[in-house]
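**Q** got a sequence here, can you build the structure:
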Amino acid sequence: MPAPLPDDETVHHQSQRQKRRGRVIGGGNPMELNLTSMIDVVFQLLIYFIVTSSFAIGEGVITVKLPTGPGTPQQSQKPPEQPLKIVVNSAGAIGTGYRVYIEGLAGRPANFKELAETLIQLQYDPSRGLNGAYKPDNPVIIRPETSVRWQHVVNAFNAAVKARYSNVSFAQAKSAEE
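**A** Next up is the predicted model:
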């Protein structure tokens, strides 16, 4: 029987399975990546993004004629004599309120529904029984104040479109001092 080797010359042997799994550190379990918690976090993020996302229907395309700048109007296109001018001002300290009126008219609509009704009354369309002064292709110019919310400007545009005006455009925004 051969003599045993001293302790400092002892050779550690690993099985084939341990060699394939990876290096054993300190004689304990091999290092492994815990995928359970990572998959759990991924699913929680997935649920979070599904719950917080909003699937809103797009507003579509709004066809308007935006101003090109502070320059002079083109001479080839002469605007009609009397365009309808809708002015949208902000009201209140926060800017969430609004005032809307049509230049040259004495009464002020209280909201955008009344604005649409006023624009319909001002329209001339014998086929619909309307005897106003403005034809449906008459220009309607919406001039917002710089501090007014964009939603109020879009509501004024929607009121003009609801009244069946086809030539709606925007003027450059004016400041409250103007």
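**Q** in stretch 123-137, what counts as buried?
**A** Q123, L130, Y134 (16 or more other CB atoms under 10 Å). Where you see a C-beta, it was placed from the backbone N, CA and C, and this is true even at glycine.
**Q** secondary structure added to these, as TSV?
**A** Below are the buried residues of stretch 123-137 laid out as TSV (DSSP: H, G, I helix; E, B strand; the rest coil):
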residue	secondary structure
Q123	strand
L130	strand
Y134	strand
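**Q** can you list those in a markdown table and add distance to V140?
**A** Formatted as a markdown table, those follow (distance: CB to CB, whole Å):
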| residue | distance to V140 |
| --- | --- |
| Q123 | 10 |
| L130 | 15 |
| Y134 | 8 |
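**Q** and the helices in the chain?
**A** Remark: helices assigned in the chain by DSSP state H are 16-21, 35-52, 112-121, 150-162.
**Q** of those, which approaches V88 most closely?
**A** Closest of the helices of the chain to V88 is helix 150-162, at 5.2 Å (criterion: CB to CB).
**Q** how about the closest one as CSV, C-alpha atoms only?
**A** Written as CSV, here are the backbone C-alpha positions of helix 150-162 (Å, rounded to 0.1, in the frame of the first residue of the first chain):
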residue,chain,number,x,y,z
TRP,A,150,-53.4,76.8,-27.7
GLN,A,151,-56.5,74.7,-26.9
HIS,A,152,-58.7,77.9,-27.0
VAL,A,153,-57.3,78.8,-30.4
VAL,A,154,-58.1,75.4,-31.7
ASN,A,155,-61.6,75.7,-30.3
ALA,A,156,-62.1,79.0,-32.2
PHE,A,157,-60.9,77.2,-35.3
ASN,A,158,-63.3,74.4,-34.7
ALA,A,159,-66.2,76.8,-34.2
ALA,A,160,-65.4,78.4,-37.6
VAL,A,161,-65.2,75.0,-39.3
LYS,A,162,-68.5,74.0,-37.6
